[in-house]
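J.: Predicted model follows, preceded by the sequence.
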Amino acid sequence: MSATFASNQAGDRIPLLMKGYHIAVVGATGAVGQELLRVLERRSFPVASLRPIASTRSVGNSVRFCDQSIPVQELGPRSFDKIDIAFFSAGGEISRKYVPVACQADAIAIDNSSVFRMEAHVPLVIPEINAEDVRRHRGLIANPNCTTAITLMALYPLHRTFGVRRIFAASYQAVSGSGARAISELTQQVAEDREPCSRRPVGDAGASQSKAATVFPHPIAFNLLPHVDSFLESGYTREEMKMQNEGRKIMHLPEFRASVTCVRVPVYRAHSVAISAEFERPVSVDQAREVLAKAPGLELVDEPQNNRYPMPLSVTGKDHCEVGRVRIDCALENGLSFWVSGDQLLKGAALNAVQIAELL
């Protein structure tokens with residue numbers, strides 16, 4: 001999509017030869033916001049104007065879009081005047097305060113936070129699964145949790161064939177899911193460990209008190225943290241319960257059950273999930289592979305004898321998720337085990353949001 005800018009006070013107009021949408025991106029300088037701009041551009045979304053919005057500390061910076069530099073504007077009560085679609089990727093508190101402002105300005109809000117996902121009147125959408133739910137929107141559509149989205153890309157096609165009852169899952173979530181500071185923290189800790197004097201004996205309690213551990217409660221480099229989001233009284237975390245609660249809403253399956261352990265791993269980008277699913281009907285590996293191979297937005301990578309299976313490195317920067325390690329689960333009746341990987345900044349966030357906008 002080629003475009004040139006007209007001179008104007010706002011500095012955010014992109015004249016097109018075709019009719020387009022006036023777009024606002026809240027959190028435009030963040031990891032998801034930056035990815036969202038790239039997705040809009042490469043998918044040739046019809047943008048008539050772009051308004052990148054961020055916090056006060058980002059004012060004075062610019063973002064790149066269609067080979068142009070666009071000044072970042074400060075978020076405020078008039079940020080959504082004459083905006084058609086407002087993407088929100090700046091965290092729950094910002095969404096809670098400003099999504100209603102955007103809707104009152106007659107913009108359609110597509111929100112990446114968890115604030116409104118479980119509201120009965122707010123569609124929670126993965127376009128490959130429940131695109132028709134977009135029609136019910138009242139000015140707001142919610143983007144699902146990234147781990148939920150990646151999991152359901154593989155689980156839902158199987159559900160349509162076999163009827164899923166419950167799953168047991170463990171996620172392996174990249175640090176970028178916690179933002180740019182988490183990426184820097186991992187990088188810093190890896191660099192620290194290269195210093196011979198910084199090495200501690202295995203099991204040294206002092207290792208968990210690294211000065212670099214500020215985003216996470218313990219060092220993440222060369223470590224695993226079975227702790228994503230805050231803990232609930234049940235012992236599960238909020239992140240873990242999202243798989244069940246959001247899965248029920250997206251699949252229109254109120255009896256769906258999910259027991260999940262979410263783990264933060266020292267990977268920069270892309271989440272993976274190990275899933276054991278129990279179905280209502282008998283399953284076979286051949287039929288499951290046939291279903292998964294035909295599913296939209298999903299690639300079957302399942303040749304373990306040739307060392308081919310989904311990995312974070314193989315899905316980083318890619319729109320589709322990958323599924324593999326498909327096998328009969330030996331502990332569940334009508335059970336199937338499989339492994340899925342996906343780029344959480346794309347299908348887990350930015351790409352899914354743009355796909356929702358494409359449905360409007």
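T.: Received the coordinates, thanks. Residues are numbered from 1 along each chain as shown.
J.: now the strands for this protein?
T.: Here the chain has its strands, by DSSP state E, at 21-26, 47-54, 62-65, 68-71, 73-74, 85-88, 108-111, 140-142, 164-173, 257-264, 271-279, 298-300, 321-328, 335-342.
J.: and these as CSV, adding mean pLDDT, mean neighbour count and distance to M153?
T.: (Each C-beta comes from the backbone N, C-alpha and C, glycine too.) Converted to CSV, those look like this (pLDDT from 0 to 100; neighbours: other Cβ atoms under 10 Å; distance: least, Cβ to Cβ, whole Å):
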stretch, mean pLDDT, mean neighbour count, distance to M153
strand 21-26, 97, 25, 24
strand 47-54, 96, 23, 27
strand 62-65, 94, 18, 28
strand 68-71, 94, 15, 32
strand 73-74, 94, 16, 34
strand 85-88, 98, 27, 21
strand 108-111, 98, 26, 19
strand 140-142, 98, 25, 17
strand 164-173, 98, 21, 13
strand 257-264, 98, 20, 15
strand 271-279, 98, 23, 10
strand 298-300, 98, 20, 5
strand 321-328, 98, 22, 5
strand 335-342, 98, 24, 7
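J.: Give the buried residues for the worst-scoring helix or strand of the chain on mean pLDDT.
T.: Here the helix or strand of the chain ranked lowest by mean pLDDT, DSSP states H and E is helix 180-193, holding a mean of 90. Within helix 180-193, the residues that count as buried by 16 or more other Cβ atoms under 10 Å are 182-183, 185-186, 188-189, 192-193.
J.: Now distance to L300 too, for those residues, in a markdown table please.
T.: Conversion of the buried residues of helix 180-193 to a markdown table gives the following (distance: Cβ to Cβ, whole Å):
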| residue | distance to L300 |
| --- | --- |
| A182 | 31 |
| I183 | 30 |
| E185 | 35 |
| L186 | 31 |
| Q188 | 38 |
| Q189 | 35 |
| E192 | 40 |
| D193 | 37 |
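J.: Return the member of those nearest to N306.
T.: Closest approach to N306 among the buried residues of helix 180-193 (Cβ to Cβ): L186, at 30.6 Å.
J.: ok, the closest one - contacts?
T.: Counting by Cβ atoms under 8 Å, 6 or more residues apart in numbering, L186 touches 175, 220-221, 266, 268.
J.: hey, where'd the helices end up in the protein?
T.: Using DSSP state H, the helices of the chain run over 31-42, 92-104, 127-130, 146-162, 180-193, 238-251, 285-294, 312-315, 351-359.
J.: Of the contacts of L186, grab the buried ones for ChimeraX.
T.: Buried residues among the contacts of L186 (16+ other Cβ under 10 Å), as a ChimeraX selection:
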select :175,220,221,266
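J.: Distance to A102 and pLDDT added to the contacts of L186, as a markdown table?
T.: Below are the contacts of L186 laid out as a markdown table (distance: Cβ to Cβ, whole Å; pLDDT from 0 to 100):
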| residue | distance to A102 | pLDDT |
| --- | --- | --- |
| V175 | 30 | 95 |
| I220 | 35 | 95 |
| A221 | 39 | 95 |
| P266 | 37 | 97 |
| Y268 | 32 | 96 |
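J.: List just the nearest of the contacts of L186 to P144.
T.: In terms of Cβ to Cβ, no member of the contacts of L186 lies closer to P144 than V175, at 20.3 Å.
J.: hang on, the closest one packs against I183?
T.: Yes: V175 lies in contact with I183 (Cβ atoms under 8 Å); the separation is 5.8 Å.
J.: what sits in contact with each of these two?
T.: Residues touching both V175 and I183 (Cβ under 8 Å, 6+ apart) are Y268.
J.: Format the helices of the chain as TSV; extra columns: distance to S55.
T.: Below are these laid out as TSV (distance: least, Cβ to Cβ, whole Å):
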stretch	distance to S55
helix 31-42	11
helix 92-104	8
helix 127-130	30
helix 146-162	22
helix 180-193	13
helix 238-251	24
helix 285-294	41
helix 312-315	30
helix 351-359	20
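J.: Perfect, that will be all.
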